[in-house]
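1. how would this look folded up:
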Amino acid sequence: MMDSVNLAALTENAARLGMRIQETLHEHTRDLSIARGGASLFDMPDDKNIGRQLEFGSDRERLEAMKRLIALTSKGRNMSNYFPQVVKNVASQDLEIRKLVYIYLLRYAEHEPDLALLSINAFQKDLTDPSPLIRAMALRVLSGIKVPMIGHIVILAIKKCAADLSPHVRKAAALAIPKAHRLDPSQQPTLITVIQSLLQDHSPLSIGSAVIAFESVCPTRLDLLHQQYRRLCRMLVDVDEWGQVNTLNLLLRYARTMLPKPTIARDVGSESEDLDKDLQLLQSSAEPLFQSRNPAVVLAAVRVFYYTGSPSSLCKVVNPLLRIQLTSKETERVVLPYISSVVHEYPHLFSSHYACFLVCTNDPQQVKRDKIKILLNLCTTENHQALLREFIDYADDPDDLVVGDAIHAIGQCAQRVPTCARQCTSALLAMIKSRNGINAIVVLKLLVQNQLHDSPFERGSRSQDPLKIITQLAHKIDDIKHPRARACVFWLTGQYCPSEGGSTVIDGIADWAPDVLRKAAKTFIAEHSIVKTQTLTLAAKLFVLCPTDHTLELLCRYVFSLGKYDLSYEVRDRTRMLTSLLSGILPSINDPQPEDSTGEGVVLRREQVKKVLFEGKAGTADSTTLTGRDYLIGTLSLVIGKDMHANSFLPEWLEAGIDPALRENKEDMSTPPALRSIASASVSRPAGPTGITPIVLTPTNSTPTHNERETWRDLDRFYASDSEQSESESTSDEHGQEGEKEDEDSDSDEHDSDDDGEESGSKSGEEAE
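-> Numbers count the residues shown, from 1 in each chain. As a prediction, the model looks like this:
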């Protein structure tokens, strides 16, 4: 009977245990699916049970309901109708529920300002919570509720949290200051006082946020940083990464506004740099940040050295920039404009690292273009052959913009290194028939102009005559199809066709020039307007050079008659201008005037017309330069190549700077000097019980004692001194032990006499009683 009862109880307990294990596994499985498979929250069919779970459910059900609510909000659905149920969970004991409630309130507090005020008391209560995480989170949400009527409450909360013992809470207070300023700008004086107290914080955790608040509320009040400048420089290494970026930018602006400009004194054969000690402190504090893992910190440090350092200190930025360039493709896209700006001013810094900027096939378009700019600035007489081969290879890239930059880089190489001009010209002539022949023609035009305007000595030193280049272009005019390229060839033909001698076709004109005009007149009707205008100019120039040739006159009349009735008003205007200009040479080329009409205007002679058409072309400007505009390092315009409204402003240097005494701080003056070694530190011994330092009497003679340290250079003498010292110590110990025994005997005799006196005193007292 007893056995059956025990068996039934055991069976019942086992069944209960199995059910409990099954429920536990089910709950853990559901938590795991919510945590790992967060996408399932988006696939739930409806939100009918969310309100009931928020009001009457357990903590687990409320957490699941809040997760579903946040998931549906992220999908763009309007979930503001659950605001009353969510507000009731503000005081929940579950930290996860409270976090989700705070996120929801930040999203919909503007739509329901009246209901949002119901949660203000809960947030104010959380400001006194023992957990610093809860206090910081409550302030974050309280400042994020954009309800103007609670502005004074937010200010009081910020002032309270700014004096909190936890640096995490003080950081939250600093981040809440910009929000409070946008909510109520009239509270700026109060917020400036809070910022000033936060800038005096000794915790690196909150300094970065205090700098952000300073830049948002009072960016021009640099006078608040006078006594904090040196401490901010020393704390720079311990600040968080993004706080380091903001602090570096602020310190750079302070240095350019308040510190004297660095000067370089050039003596005979030497240079000396004069840098302010506070500026040196900024550079020495920013230099360790070159080793940061965050590329933004490295770029901010580079910006500090570029705008405050001397040219000799810029060599420190080379290796950090090369290191972060290889971090990722995204980082490389941002770093290359920085390197391009530095290379443009100081190309010698990266001249030995040009191999790091060679273009790869899988590079994005802008990365390729930036690398070509950098390689062009690094082109020297030592590496021009290798770079020229790279540019010629880049001309076969599928991207037209990259090909155009490569072709222009070839032309720049010919100008920077004249010894490779022949090789560059041959490469450009071979590219005329390619799909980017227009770029090659434009670059050849610029090369020819620059070479023809050089001095005769420099022109004679060149390996190829520029007129031969024009001759080759004139013979290849049928292969040139692009309108702009054909217009360039026609302009070169007309500008440089005069021949002093050796012409066999027409006197004073190169032999290949009239044939170019013949081909241009043959296809005049089908040409682009820019080609037609250059054709008209070419005809006028040839006619001025030889007005007596009948064939040339007929060809010019034919071209002018076509231009007179062209559909383009630009072509008609150019025709009218040129025929009026040539009326003094060949009056019949213009419309016949009535007999009774008087001529108006000035009629030019042949020499005057030639001066108008041929001269005035001395200055050549390369509009295809690859340098681009000069943007400040650290701005978005530098990266994207366009002007932006949010660019940071960099002030100009002051010649003398402000008084350095304004930056002196009592804490800086009382800071003990850093220890160079452990042995150099003097161990501080506590004073006596009354706080008075004990007086130690020393002998008047100056003989050194054995306890003083000596500098040993001989090992034998060192061991010999140790043995002598040990012997002397042993003899002194023996004498000391004998003296101690004598002292103990005398002390024992004294104690015996004291005991006898006490006994006699007690006996006499008893007798008196």
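
2. ok, Lys532 - contacts?
-> Phe524, Gly563, Asp566, Ser568, Val571, Arg574 (CB atoms under 8 Å, 6 or more residues apart in numbering). Quick note: C-beta positions are derived from backbone N, CA and C, even for glycine.

3. hmm, I was thinking of Ile207
-> Ile207 sits in contact with Leu199, Asp201, Leu232, Met235, Val239, Gly243, Thr247, where contact means CB under 8 Å, 6+ apart.

4. out of the residues you listed, who has the most neighbours?
-> Thr247 (26 neighbours; other CB atoms under 10 Å).

5. doesn't that one lie inside a helix?
-> Yes. The assignment for Thr247 is a helix, going by DSSP: H, G, I helix; E, B strand; the rest coil.

6. returning to what we had before: make CSV from the contacts of Lys532 and add secondary structure, distance to Asn377 and neighbour count to it.
-> Below are those laid out as CSV (DSSP: H, G, I helix; E, B strand; the rest coil; distance: CB to CB, whole Å; neighbours: other CB atoms under 10 Å):
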residue, secondary structure, distance to Asn377, neighbour count
Phe524, coil, 43, 19
Gly563, helix, 44, 23
Asp566, coil, 45, 18
Ser568, coil, 41, 14
Val571, helix, 42, 23
Arg574, helix, 40, 22
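
7. got those residues as TSV, with distance to Asn121 columns?
-> Below are the contacts of Lys532 laid out as TSV (distance: CB to CB, whole Å):
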residue	distance to Asn121
Phe524	87
Gly563	86
Asp566	83
Ser568	78
Val571	81
Arg574	82
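
8. save those as a markdown table, and put in distance to Met79 and pLDDT too.
-> Formatted as a markdown table, these follow (distance: CB to CB, whole Å; pLDDT from 0 to 100):
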| residue | distance to Met79 | pLDDT |
| --- | --- | --- |
| Phe524 | 71 | 93 |
| Gly563 | 72 | 92 |
| Asp566 | 68 | 91 |
| Ser568 | 63 | 92 |
| Val571 | 66 | 93 |
| Arg574 | 69 | 92 |
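
9. most widely separated two among those?
-> For those, the maximum inter-member distance is 12.7 Å, found between Phe524 and Arg574 (CB to CB).

10. any common contacting residues for those two?
-> Common neighbours of Phe524 and Arg574, using CB under 8 Å, 6+ apart, are Lys532, Gly563.

11. what is the nearest of the contacts of Lys532 to Leu95?
-> Within the contacts of Lys532, the smallest distance to Leu95 is 76.0 Å, found for Ser568 (CB to CB).

12. name all residues that make contact with the closest one.
-> Counting by CB under 8 Å, 6+ apart, the residues that Ser568 touches are Ser529, Lys532.

13. list phi and psi for it.
-> Torsion angles at Ser568 (phi, psi; degrees, to the nearest 10) stand at phi -90, psi 130.

14. gap between it and Leu248?
-> Shown here: Ser568 relative to Leu248, a distance of 57 Å by CB to CB, to the nearest Å.

15. hang on, the earlier thing: now render the contacts of Ile207 as JSON lines, adding secondary structure, pLDDT and distance to Ile441.
-> As requested, the contacts of Ile207 are exported to JSON lines (DSSP: H, G, I helix; E, B strand; the rest coil; pLDDT from 0 to 100; distance: CB to CB, whole Å):
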{"residue": "Leu199", "secondary structure": "helix", "pLDDT": "93", "distance to Ile441": "61"}
{"residue": "Asp201", "secondary structure": "coil", "pLDDT": "90", "distance to Ile441": "65"}
{"residue": "Leu232", "secondary structure": "helix", "pLDDT": "93", "distance to Ile441": "57"}
{"residue": "Met235", "secondary structure": "coil", "pLDDT": "93", "distance to Ile441": "60"}
{"residue": "Val239", "secondary structure": "coil", "pLDDT": "93", "distance to Ile441": "56"}
{"residue": "Gly243", "secondary structure": "helix", "pLDDT": "93", "distance to Ile441": "54"}
{"residue": "Thr247", "secondary structure": "helix", "pLDDT": "95", "distance to Ile441": "53"}
